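prediction below, plus the sequence it came from.
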Amino acid sequence: MPKRIFVGNLPFTTTEDELNNLFKEIGQVESIAIITNRYSGRSRGFGFVEMTDDGEADKAIEQLNGQVIEEREIVVNEAKPREERRESRDRNYRD
């Protein structure tokens, strides 16, 4: 099973191809996704990379965390599982 990596603080101009080129220098990349705003299509400044080999993924995290891209220090770490969202009718409800 591939290891999923979070990549944050990306320049808004970073493309999936550029991110792929950065990670493939370290190991085999299974998938890349830069998260965009659903209305504008503009990058939200973070994304996810899935790498086939856990050891290569750990190496990528170690080597790329803190690297500067276009004057921005990127954050690279293991992605946390996504929390379940409340149903839309519960969004304004406060505990």
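Yep, that arrived.

can you confirm Glu18 is in a helix?
Yes: the assignment for Glu18 (DSSP: H, G, I helix; E, B strand; the rest coil) places it in a helix.

what's around it, how many residues?
With neighbours defined by other Cβ atoms under 10 Å, the count for Glu18 comes to 15. Every C-beta, even on glycine, is put in place using the N, C-alpha and C of the backbone.

cool, and Ala60?
Close neighbours of Ala60, defined as other Cβ under 10 Å, add up to 24.

can you give me the helices for this structure?
16-24, 54-64 (DSSP state H).

okay if I get the ones you listed as JSON lines plus mean pLDDT?
Converted to JSON lines, those look like this (pLDDT from 0 to 100):
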{"stretch": "helix 16-24", "mean pLDDT": "96"}
{"stretch": "helix 54-64", "mean pLDDT": "97"}
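
looking at the ones you listed, which is closest to Asn9?
For the helices of the chain, the distance to Asn9 is smallest for helix 54-64, at 11.7 Å, taking Cβ to Cβ.
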